[in-house]
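Student: Any chance you can model this:
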Amino acid sequence: MSERKLTGRSIPLRVRFRPSTKQLQKQSEHPLTSPPPAATQSGERRQVTPQIRDQISELLRLGRLLRADLGLDEVLQQIASSIAACTGFRISVINLIEEKNPYIMPVAFVGIPEEQQEILRSTHDLVEDFLNVMRPEFRISQSYFISHKQNIDYSISLLTAPLKEPEEENDWHAEDVLLIPLFSPRAQKLLGLLSLDDPVDGKIPSEERIEVIELFAQQAAIAIDHARLFQEHEQEQQALEQSISRLQEDMEHLKGGDLRTPLHSTHPRLQPVAETFNQVLTAIGSLLGHEQHTTQEVDEQTRTLWRYSELLTRNTDQQARQIQQISSVIQNFYTLLQQVSEQITRLSAHAAEAMEVSTEAQNIVDRTMNGMSLVREATLQTARTMKTLGESSQEINETILDISDLTVRMHHLALNAAIEATRAGERGQGFALIAQELRGLASQSSEAARKIGSYVRSVQHETSAVAHSVEQSTQQVVLQTELVTQTGVALDALSTVIERLSDLIQDVSASVQQQAQGSQLVISAINETPQMTDAIHRHALEIQQALTQLTEQTAALRSQLSVFRIPLRPTEEER
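Tutor: Numbers count the residues shown, from 1 in each chain. Model prediction:
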């Protein structure tokens with residue numbers, strides 16, 4: 001910031017001096033890299049005068065003022081007024097130094113008209129130029145007094161005030177300069193400069209008087225430090241609130257089951273949480289996609305098995321009709337045996353017909369056996385698929401445990417943040433808000449994990465029921481296979497009997513009795529065949545019912561999984 005001394009008519013006079021070669025060599029050697037040491041106190045006991053009491057009272061008032069809800073400019077203006085009133089200077093200017101601004105900026109004025117204040121504000125003097133004139137040889141206590149007697153070159157702007165020529169050695173001269181640094185007690189860096197001019201008594205201030213001025217300057221430094229600290233906290237709080245708001249917007253998509261949108265965080269402290277949550281979402285989306293694909297395959301296999309069972313039912317009906325026909329033929333054959341002595345010629349023809357019917361029945365049994373093998377294979381495939389579905393559900397359970405563990409860690413993190421916020425007091429309010437938000441996120445994650453676990457347990461329960469039904473169907477298929485095998489054996493026996501009957505027809509007289517007994521056995525076997533056929537038909541219907549229930553349960557599972565919208569997995573060509 002620029003400071004100028006007033007001329008006779010308060011007309012600003014801008015004076016620029018070119019730095020000397022010796023000054024350029026010392027520009028990087030100025031002593032203000034750290035706060036100057038505190039001034040040593042003399043052992044003499046100072047007398048408490050009314051002026052000192054007024055100064056102490058004003059310092060206490062300024063201390064209370066720092067705790068009031070006032071802006072920085074207003075506080076600095078009151079501090080500048082107090083310095084002018086209590087230290088005996090008619091002109092005081094408080095200048096601020098910003099880290100990224102190379103120019104010094106005046107913000108508070110006392111004893112300077114408005115038009116000259118505007119001139120000072122529009123003047124752009126470098127901070128480095130001020131620091132170059134603040135040399136160790138000019139230091140008094142923690143301040144710098146540059147006397148007009150010092151023959152130095154400097155390139156800062158000054159306004160000279162109309163003062164009479166000094167008569168004594170300690171009289172104040174119009175070209176004298178008094179600069180008091182404003183140091184941050186927190187960051188240990190230079191915040192600004194306090195410049196004073198035109199003392200009321202016209203004297204150069206003593207070290208004791210300068211120490212009193214430095215007390216007021218310290219209040220100005222504290223006010224600047226507090227204002228900047230508050231501004232930093234406000235910026236940090238706004239950035240954190242914006243990042244949390246962004247996370248809340250992204251979490252709204254997750255409420256509807258949309259796992260395709262990842263979480264985004266612009267705040268460095270929330271980025272690890274968002275990245276970890278995105279990894280968990282990716283794992284859950286992969287598992288859900290696998291479950292949807294598996295459910296679709298189970299549904300297709302179930303429908304295929306249902307078509308096979310329907311075909312088996314129709315074949316069983318056809319087999320029953322064929323067996324009824326065989327029974328009728330054997331009954332006729334038995335009647336013919338009773339009349340064998342009269343119709344021996346016709347009996348031979350009927351024997352040939354019976355052989356043809358037996359052969360056809362055997363073919364039907366063979367086809368039935370093949371159909372039962374296909375049903376058995378389809379049932380076993382269904383059982384394996386249900387096992388795979390159960391294993392996938394177990395993997396989901398493990399993932400839910402990981403999510404629950406993450407939720408516990410988030411609770412611990414929130415608790416630690418709350419403890420640290422309590423220790424930090426008012427400065428830890430930001431940590432308290434973070435802890436509150438983390439607890440909210442942990443609660444939402446725990447609720448989501450609980451719902452997913454409930455869904456998975458429902459799927460596991462339904463899968464177990466379906467697996468049990470498929471196991472029963474498998475046992476029934478094995479039983480029916482055995483029954484069909486017995487039917488084939490019976491038909492084989494029937495073919496053998498018919499063949500023997502053909503051979504024995506040539507010797508009817510000798511073997512009529514044997515043929516009658518053999519026919520009776522065949523009739524008994526055929527009477528049992530419809531019962532077996534009915535059992536096969538009944539079990540086929542039970543398989544259809546079980547497959548219908550499995551289809552409904554698979555549809556319900558697909559409906560539950562369809563709530564979640566996950567990113568599309570790349571196809572083989574895309575890979």
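
Student: Could you chop the protein up by domain?
Tutor: Per the record, the chain has its domains at 21-32+49-234, 288-393+449-558, by automatic domain parsing.

Student: Quick one: mean pLDDT over the first one.
Tutor: Translated: domain 21-32+49-234. Here domain 21-32+49-234 scores 77 as its mean pLDDT.

Student: Report the distance from that domain to the chain centre.
Tutor: Taking CA atoms, centre = their mean, to the nearest Å, one finds domain 21-32+49-234 lying 52 Å from the centre of the chain it belongs to.

Student: one step back: can you say which of the domains of the chain is nearest to Asp250?
Tutor: Of all the domains of the chain, domain 288-393+449-558 sits nearest to Asp250, with 18.1 Å by CB to CB. Any C-beta I mention is one placed from the backbone N, CA and C, and that applies to glycine too.

Student: all strands for the stretch 51-200 of the chain, in order.
Tutor: Using DSSP state E, counting those that start in this stretch, the strands assigned to the stretch 51-200 of the chain run over residues 89-96, 105-110, 139-140, 143-146, 177-183, 190-199.

Student: Can you list the strands that the shortest one pairs with?
Tutor: Put plainly, it is strand 139-140. strand 143-146 (antiparallel) (DSSP bridges).

Student: neighbouring contacts of the strand it pairs with?
Tutor: 133-135, 138, 152, 176-181, 204-205, 210, 213-214 (CB atoms under 8 Å, 6 or more residues apart in numbering).

Student: 7 Å instead, please
Tutor: With CB atoms under 7 Å, 6 or more residues apart in numbering as the contact definition, strand 143-146 has outside contacts at Val133, Met134, Phe138, Val177, Leu178, Leu179, Ile180, Ile210, Glu214.

Student: Considering those, which possesses the most neighbours?
Tutor: Top of those by neighbour number is Ile180, holding 27 neighbours under the definition other CB atoms under 10 Å.

Student: Isn't that residue up against Phe216?
Tutor: No: here Ile180 does not reach Phe216: they are 8.6 Å apart, not a contact under CB atoms under 7 Å.

Student: how close does Arg269 get to Ala435?
Tutor: In this view, Arg269 and Ala435 are 12 Å apart by CB to CB, to the nearest Å.

Student: Between the two, tell me which one has more neighbours.
Tutor: Ala435 (21 against 15).

Student: and whichever strand or helix holds that one, what's its mean pLDDT?
Tutor: Secondary structure assigned from DSSP states H and E places Ala435 in helix 429-505. If you average the pLDDT over helix 429-505, you get 77.

Student: For that helix, what is the distance to the chain centroid?
Tutor: On CA atoms, centre = their mean, the centre of helix 429-505 falls 36 Å from that of its chain.

Student: now for that helix, which elements pack on it?
Tutor: helix 207-255, helix 344-424, helix 508-561 (3 or more CB pairs under 7 Å, 6 or more residues apart in numbering; DSSP states H and E).

Student: That helix to helix 344-424, inter-axis angle?
Tutor: 170 degrees (axes from the mean of the first three to the mean of the last three CA atoms, to 10 degrees).

Student: could you dump the helices and strands packed on helix 429-505 to CSV with distance to Ser82?
Tutor: Below are the helices and strands packed on helix 429-505 laid out as CSV (distance: least, CB to CB, whole Å):
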stretch, distance to Ser82
helix 207-255, 6
helix 344-424, 32
helix 508-561, 73
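
Student: Compare the ones you listed and give me the one nearest Leu311.
Tutor: Of the helices and strands packed on helix 429-505, nearest to Leu311 by CB to CB is helix 344-424, at 6.6 Å.

Student: and the closest one, average pLDDT?
Tutor: For helix 344-424, the per-residue pLDDT averages 78.

Student: And stretch 538-551, by the same measure?
Tutor: For stretch 538-551, the mean confidence score works out to 76.

Student: From the chain's centroid, how far away is it?
Tutor: That offset, for stretch 538-551, works out to 45 Å (CA atoms, centre = their mean).

Student: Please save the CA atoms from it in CSV.
Tutor: Output of stretch 538-551 as CSV, limited to C-alpha atoms (Å, rounded to 0.1, in the frame of the first residue of the first chain):
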residue,chain,number,x,y,z
ARG,A,538,-49.8,-88.8,-13.1
HIS,A,539,-46.1,-88.2,-12.5
ALA,A,540,-45.7,-86.3,-15.7
LEU,A,541,-48.5,-84.0,-14.7
GLU,A,542,-46.8,-83.4,-11.3
ILE,A,543,-43.6,-82.5,-13.2
GLN,A,544,-45.6,-80.0,-15.2
GLN,A,545,-47.0,-78.5,-12.0
ALA,A,546,-43.6,-78.2,-10.5
LEU,A,547,-42.2,-76.6,-13.6
THR,A,548,-45.0,-74.2,-13.6
GLN,A,549,-44.3,-73.1,-10.1
LEU,A,550,-40.6,-72.9,-10.9
THR,A,551,-41.4,-70.6,-13.9
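
Student: Could you give the separation of whichever strand or helix holds Ile326 from the chain centroid?
Tutor: If you go by DSSP H and E, Ile326 is part of helix 271-338. Counting by CA atoms, centre = their mean, helix 271-338 is centred 42 Å from the centre of its parent chain.

Student: quick one: it to helix 344-424, angle?
Tutor: Using the same axes, to 10 degrees: helix 271-338 against helix 344-424 is 170 degrees.

Student: what's near enough to touch Gln472?
Tutor: With CB under 7 Å, 6+ apart, Gln472 has no contacts at all.

Student: Distance of it relative to Arg303?
Tutor: 20 Å.

Student: And His173, its phi and psi?
Tutor: phi -110, psi 150 (degrees, to the nearest 10).

Student: swap that for Glu99, sorry
Tutor: phi -60, psi -40.

Student: How many residues are close by it?
Tutor: 7.

Student: what do you get for Ala493?
Tutor: 14.

Student: Asp503 now?
Tutor: 11.

Student: do the same with Pro50
Tutor: 7.

Student: measure it to Arg427 for me?
Tutor: For Pro50 relative to Arg427 (CB to CB), the value is 40 Å.

Student: tell me the contacts of Asp317?
Tutor: Counting by CB under 7 Å, 6+ apart, Asp317 touches His537.

Student: make it 6 Å
Tutor: If you count contacts by CB atoms under 6 Å, 6 or more residues apart in numbering, Asp317 has none.

Student: and what of the one 5 residues further on?
Tutor: Under the criterion of CB under 6 Å, 6+ apart, the neighbours of Gln322 are Ala361, Ile364.

Student: Now with 10 Å, please.
Tutor: By CB atoms under 10 Å, 6 or more residues apart in numbering, the contact list for Gln322 reads Val357, Glu360, Ala361, Asn363, Ile364, Val365, Thr529, Thr533.

Student: Counting neighbours, what do you get for the closest residue to the third one other than its chain neighbours?
Tutor: Closest residue in space to Ala361, ignoring its immediate chain neighbours: Leu491 at 5.1 Å, by CB to CB, 6 or more residues apart in numbering. Neighbouring residues of Leu491 were enumerated by other CB under 10 Å; the total is 24.
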